[in-house]
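1. Quick one, structure for this:
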Amino acid sequence: MKRSVGVYLIRVLLVLFGMGLFFFSSCGLETYYYLDPPNVEHEPIYSSSDPLQFYFSFRTKEDGDNNTDQGTFKFLGTYIYYKIYNSYTEMKTREDAVSTLNSSTNYTAAADKIISSYEYQVLGFSAVSYDPDPTIESSGSSRYVYIRLNDYGDEEAYKASICVGSELLSSYDSNYAVKLADGTVVVPKRKDGANVKHGFNFNSADSSSDENPVPVSGDPDVYLNTSASSEGTWYVDMYAISVGQDESLSKSYSQVAFLGSVAIYESDYED
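-> Numbers count the residues shown, from 1 in each chain. This next block holds a predicted model:
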């Protein structure tokens with residue numbers, strides 16, 4: 001009988017010890033909040049022969065799970081990431097790798113890949129005083145986002161622009177253009193580490209101090225392959241990611257939404 005009592009006490013102590021270890025180890029675990037990714041509406045492809053289709057369009061996800069009260073967790077909005085390549089083969093290889101991770105059970109794996117490993121940059125804007133974080137801040141309701149990185153021709157409908165609003169667009173609409181308080185229209189710009197905000201109308205005649213210089217080695221938003229796919233042609237692809245933040249300022253990311261890719265030709269902007 002004494003032996004049975006002793007064995008019983010040992011078992012109880014082991015259970016309590018195990019519960020204690022679980023409690024203390026659990027305290028260090030980070031809480032992950034699930035977020036739905038944005039919905040892609042128009043996905044351009046770099047090989048298209050119709051530059052009029054070289055625009056990105058998606059709908060932010062600010063309803064459903066992303067708008068549910070989760071205590072101290074807050075939905076912040078949507079990040080837009082981009083990368084410039086001189087090789088469409090390399091761009092496609094990376095897109096495939098991200099796509100594989102995006103279908104895994106680790107919801108942040110794809111976001112970690114494009115942000116940390118591939119060093120995609122958050123899309124910038126022309127106004128010095130306008131640099132929102134995230135790119136599209138939450139408004140409490142889902143909206144359509146239209147982006148054209150570079151001008152095509154002289155028509156206003158196909159100029160570089162970003163529009164946000166309640167309607168799905170296929171060309172520029174001044175009613176939905178992002179503007180400053182004084183009415184100044186904001187356009188997309190690169191995050192290339194320069195003091196000057198450079199644009200995407202790549203011109204080989206521009207110097208580094210001009211408005212639209214061609215990407216060069218060392219620019220954080222560029223991946224240069226030793227063999228360019230086509231001299232004077234650049235390829236840009238983009239992703240959108242829903243993001244939220246808890247009281248400890250730790251961010252949670254959704255799976256990524258691949259927005260598509262476009263080709264930019266230096267010859268279109270030569271003087």
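
2. quick one: the strands in the stretch 51-200 of the chain?
-> 56-59, 74-85, 121-122, 124-125, 136-137, 144-148, 161-165, 188-189 (DSSP state E, counting those that start in this stretch).

3. Of these, which is nearest Asp50?
-> Asp50 lies closest to strand 144-148 among these, at 13.3 Å (CB to CB). (Glycine included, C-beta is placed from N, CA and C.)

4. And the closest one, how far out from the chain middle?
-> Put simply, strand 144-148 sits 13 Å off its chain's centre (CA atoms, centre = their mean, to the nearest Å).

5. cool, and stretch 114-124?
-> That offset, for stretch 114-124, works out to 7 Å (CA atoms, centre = their mean).

6. Let's see the distance spanning that stretch from one end to the other.
-> End-to-end distance for stretch 114-124: 17 Å, by CA to CA, to the nearest Å.

7. How about residues contacting that stretch?
-> 79-83, 94, 98, 131, 133-135, 147, 188-192, 197, 220-221, 223, 238-239, 256 (CB atoms under 8 Å, 6 or more residues apart in numbering).

8. and Thr233, which of the strands of the stretch 51-200 of the chain is closest to it?
-> strand 74-85 (9.9 Å).

9. what's the angle between the closest one and strand 161-165?
-> 150 degrees (axes from the mean of the first three to the mean of the last three CA atoms, to 10 degrees).

10. got the CA coordinates for strand 74-85 in PDB?
-> Output in PDB follows, covering the C-alpha atoms of strand 74-85 (Å, rounded to 0.1, in the frame of the first residue of the first chain):
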ATOM      1  CA  LYS A  74      -6.200  46.700 -34.600                       C
ATOM      2  CA  PHE A  75      -6.500  46.300 -38.400                       C
ATOM      3  CA  LEU A  76      -4.200  49.000 -39.800                       C
ATOM      4  CA  GLY A  77      -4.700  48.700 -43.600                       C
ATOM      5  CA  THR A  78      -2.900  47.400 -46.700                       C
ATOM      6  CA  TYR A  79       0.800  47.500 -47.700                       C
ATOM      7  CA  ILE A  80       1.800  47.600 -51.400                       C
ATOM      8  CA  TYR A  81       5.200  46.100 -52.200                       C
ATOM      9  CA  TYR A  82       7.100  46.200 -55.400                       C
ATOM     10  CA  LYS A  83      10.400  45.100 -57.000                       C
ATOM     11  CA  ILE A  84      12.200  46.100 -60.200                       C
ATOM     12  CA  TYR A  85      14.000  43.500 -62.400                       C
END
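
11. Now distance to Asn106, mean neighbour count and mean pLDDT too, for the strands of the stretch 51-200 of the chain, in JSON lines please.
-> Listed next are those as JSON lines, based on distance: least, CB to CB, whole Å; neighbours: other CB atoms under 10 Å; pLDDT from 0 to 100:
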{"stretch": "strand 56-59", "distance to Asn106": "23", "mean neighbour count": "24", "mean pLDDT": "98"}
{"stretch": "strand 74-85", "distance to Asn106": "18", "mean neighbour count": "22", "mean pLDDT": "96"}
{"stretch": "strand 121-122", "distance to Asn106": "22", "mean neighbour count": "18", "mean pLDDT": "98"}
{"stretch": "strand 124-125", "distance to Asn106": "29", "mean neighbour count": "20", "mean pLDDT": "96"}
{"stretch": "strand 136-137", "distance to Asn106": "25", "mean neighbour count": "18", "mean pLDDT": "96"}
{"stretch": "strand 144-148", "distance to Asn106": "26", "mean neighbour count": "24", "mean pLDDT": "98"}
{"stretch": "strand 161-165", "distance to Asn106": "30", "mean neighbour count": "21", "mean pLDDT": "98"}
{"stretch": "strand 188-189", "distance to Asn106": "30", "mean neighbour count": "22", "mean pLDDT": "97"}
